[in-house]
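Q: please work out how this folds:
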Amino acid sequence: MPCLLPGKSRGGKMTDRVFVIGRKNPDTDGIASVIGYAHLKNKITGEDRYVPVTAGLLEVRTMKILDFLLIKYPPLMEDLNLHVSDIMAKRVIVAPLGTPIVEVFKIMVKEDIRVVPVVDNENRFFGLVGFIDIAKKSISTVVPDVFRRVKTSIELMSRSVSGDVVNSVDGGEEFIANIMVVATSAERFCSDIDTFDARGVVAVVGDREDVQRVAIEKRVRCLVICDGYELSEELLELARKNEVSVIYSPYGACTTVGLIEWSTPVYTIANKGESVARQGERVNDIRERMLTSPNRALPVIDEKTGKVLGIITRTDLAKHVARRVILIDHSDTLNAPEGIFSCVVEEIIDHHRFGDIRLKEAARIRTEPWGSTSAIVADEYMKHNLKPERKIALLLAAGIMINTEFFEKATTTEKDKEMFEWLMDISGEDKESFISRIKNL
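A: Numbering: from 1, shown residues only. So this is what the prediction gives:
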């Protein structure tokens, strides 16, 4: 049976997030502002969509301050390009090699998915099956002679028709079946069957005992009784003696034959030449591969084990065009992390001269000629009538102090001092002892 690989939904919703990020060589003011502004945006929206990240390694002093305040280091994100792991579906249904095509089709319809990776006994990727492949197989209903011979087994046929196996000979052994729907007289059937190797014949019959007897006496490979009919005890015993497998199907002859044709193991129609993708690849690098693949989908494969980790489809490429970011403490490409040109910049918060960053969409930009970006972030809290939690207030206060060189730098403004005082009042900390502690870190 097709089974579900454990995993989260598409990309863990990474592409729904907005990354708050600073310069490639972040200082304490930049990191304090990144963390503080992400917290503010999450407070305003009531969501956790805004994620503070760092574009470079933290300074030692910054790490000491974060440790002192018991604040986690923001994760490192040096490349803003979307990667396969960001948008792939990790919750993937896979089909073992021997799964009947009909079972794969049913699960695809039920789960509303277009492709299913096929895996071997060790869960390694074998090939991909999509509606296109199943449609090609389905032509047998229009041109039956093309697919009259199908690879199957007694077990696969019984699973496909939801039937009962009342006599099984080598039930799991695969063979090439010649399917014969017996709608003629027993005499004509007797003549027709002689043109085949009887041990490869699957005879689909109804309640006519004369036809059933011919099939058993000719030692066909399998006798399928449709419409819910059953063999007499005498014929069932004869079937056992002649080593004829017997399946009872609840369906009519037409449906039964169609399901038997779809009992073929899925590996026989899997596209083994399908391209694959790796988690670490950039989305832009796999676009052409995706668009030229027969099923417009790429399985994501573990490079070492060959196991399926996820799947990425053309719909994913259309939905997830770019990563969304908020730039903090800079607005120039020189200081921006790799991949900034592929991103949508939602906001810029900075205290430097505006740089050369290119915007794809209208963005909110706030630049102030103050001595620190932390002071601007604190002012954002104040403008929204919100107060940062104690450790965030202290972090922003530390950012202001360090960037203004403890208020002695020429670029220090009255606004920096005002925001520092406001943050210290919120924290409840003694101002002089906190300044001394930060100086000694």
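Q: quick one, what contacts the nearest residue to F68 once chain neighbours are set aside?
A: Nearest residue to F68 in three dimensions, chain neighbours excluded: L441, at 6.4 Å (CB to CB, 6 or more residues apart in numbering). Glycine gets a C-beta too; all of them are placed from N, C-alpha and C. With contact taken as CB atoms under 8 Å, 6 or more residues apart in numbering, L441 is in contact with R61, K64, I65, F68.
Q: other SSEs contacting the helix or strand containing S436?
A: Per DSSP states H and E: S436 is located in helix 431-439. Secondary-structure packing of helix 431-439 (3 or more CB pairs under 8 Å, 6 or more residues apart in numbering; DSSP states H and E): helix 390-403, helix 414-427.
Q: need those in CSV (columns: mean neighbour count and distance to G171).
A: Formatted as CSV, the helices and strands packed on helix 431-439 follow (neighbours: other CB atoms under 10 Å; distance: least, CB to CB, whole Å):
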stretch, mean neighbour count, distance to G171
helix 390-403, 25, 66
helix 414-427, 19, 74
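Q: in TSV: these, plus distance to T315 and mean pLDDT.
A: Output for the helices and strands packed on helix 431-439, formatted as TSV (distance: least, CB to CB, whole Å; pLDDT from 0 to 100):
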stretch	distance to T315	mean pLDDT
helix 390-403	39	97
helix 414-427	46	97
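Q: and those helices: which comes nearest L327?
A: helix 390-403 (16.3 Å; CB to CB).
Q: contacts for that closest one?
A: 27-33, 35-36, 39, 61, 65-66, 69-71, 371-375, 377-378, 387-388, 407, 409, 416, 419-420, 423-424, 426-429, 434-435, 438.
Q: so V204 sits against V257, correct?
A: Yes. Using CB atoms under 8 Å, V204 is in contact with V257, at 5.6 Å.
Q: pull up the overlap in contacts between these two.
A: Going by CB under 8 Å, 6+ apart, residues that sit against V204 and also against V257 are I179, V181.
Q: picking up where we left off before, now, of the contacts of helix 390-403, which are buried?
A: Buried residues within those, counting neighbours by 16 or more other CB atoms under 10 Å: 27-33, 35-36, 39, 65-66, 69, 71, 371-375, 377-378, 387-388, 416, 419-420, 423-424, 426-427, 429, 434-435, 438.
Q: sorry, back to before: among the contacts of L441, which ones are in helices?
A: Using DSSP state H, the subset of these located in helices is R61, K64, I65, F68.
Q: make sure the third one is actually in contact with T28.
A: Yes. I65 is within contact range of T28, at 6.3 Å (criterion: CB under 8 Å).
Q: can I get the contacts of L441 in CSV including pLDDT?
A: Formatted as CSV, these follow (pLDDT from 0 to 100):
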residue, pLDDT
R61, 95
K64, 97
I65, 97
F68, 96
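Q: among these, which one sits closest to I101?
A: Distance ranking of the contacts of L441 against I101, using CB to CB, places I65 first at 61.2 Å.
Q: tell me the spacing between that closest one and W422.
A: Distance check for I65 against W422: by CB to CB, to the nearest Å, it reads 19 Å.
Q: likewise R364?
A: 22 Å.
Q: next: S293.
A: S293 is 57 Å from W422, by CB to CB.
Q: A277 too?
A: With distances taken as CB to CB, A277 is found 50 Å from W422.
Q: now swap in I247 and tell me
A: 81 Å.
Q: with E380 instead?
A: Distance, E380 to W422, by CB to CB: 12 Å.
Q: again with A318
A: For A318 relative to W422 (CB to CB), the value is 46 Å.
Q: what's the answer for G371, then?
A: 15 Å.
Q: what bridges to the most centrally placed residue in the chain?
A: Residue closest to the average C-alpha location in the chain (CA atoms, centre = their mean): A89, at 0.6 Å. Beta-bridge partners of A89, counted by DSSP bridges, are I311.
Q: and the pLDDT at it?
A: Here the pLDDT value assigned to A89 is 89.
Q: these two touch, right, it and T315?
A: No. Using CB under 8 Å, A89 is not in contact with T315; the gap is 9.9 Å.
Q: quick one: contacts for I301?
A: F125, V276, A277, R278, K307, V308, L309.
Q: at 10 Å instead, please
A: With contacts defined as CB atoms under 10 Å, 6 or more residues apart in numbering, I301 is in contact with P117, R124, F125, V276, A277, R278, Q279, K307, V308, L309, G310.
Q: just among the residues you listed, which is most surrounded?
A: P117 (28 neighbours; other CB atoms under 10 Å).
Q: by contact count, what packs against the helix or strand harbouring that one?
A: Taking DSSP H and E as the criterion, P117 maps to strand 115-119. Secondary-structure packing of strand 115-119 (3 or more CB pairs under 10 Å, 6 or more residues apart in numbering; DSSP states H and E): strand 93-96, helix 101-111, strand 125-130, helix 131-137, strand 297-301, strand 308-313.
Q: please name the bridge partners of V165.
A: For V165, the beta-bridge partners are I247 (DSSP bridges).
Q: what about it, how many residues nearby?
A: By other CB under 10 Å, the residues close to V165 number 16.
Q: residues in contact with it?
A: When contacts are counted by CB under 10 Å, 6+ apart, V165 touches I154, E155, M157, S158, R159, G171, C222, S245, V246, I247, Y248.
Q: pLDDT score assigned to the residue nearest to F68?
A: Value for L441, per-residue pLDDT: 85.
Q: distance check, it against I392.
A: Distance from L441 to I392, by CB to CB: 18 Å.
Q: before we move on, what about D67?
A: 15 Å.
Q: partners of K151 in the sheet?
A: Counting by DSSP bridges, K151 forms beta bridges with I176.
Q: contacting residues around it?
A: So K151 contacts E174, F175, I176, A177, S263, T264, P265, Y267, T268 (CB under 10 Å, 6+ apart).
Q: surely the fourth one meets S245?
A: No. Taking CB atoms under 10 Å as the contact criterion, A177 and S245 are not neighbours in contact, 11.0 Å apart.
Q: which neighbours do the two share?
A: Residues touching both A177 and S245 by CB under 10 Å, 6+ apart: S153, I154, M157, V202, R221, C222.
Q: so where do the strands sit in the stretch 201-350 of the chain?
A: Secondary structure of the stretch 201-350 of the chain, counting by DSSP state E, counting those that start in this stretch: strands at 201-205, 222-225, 245-248, 297-301, 308-313, 324-328, 344-350.
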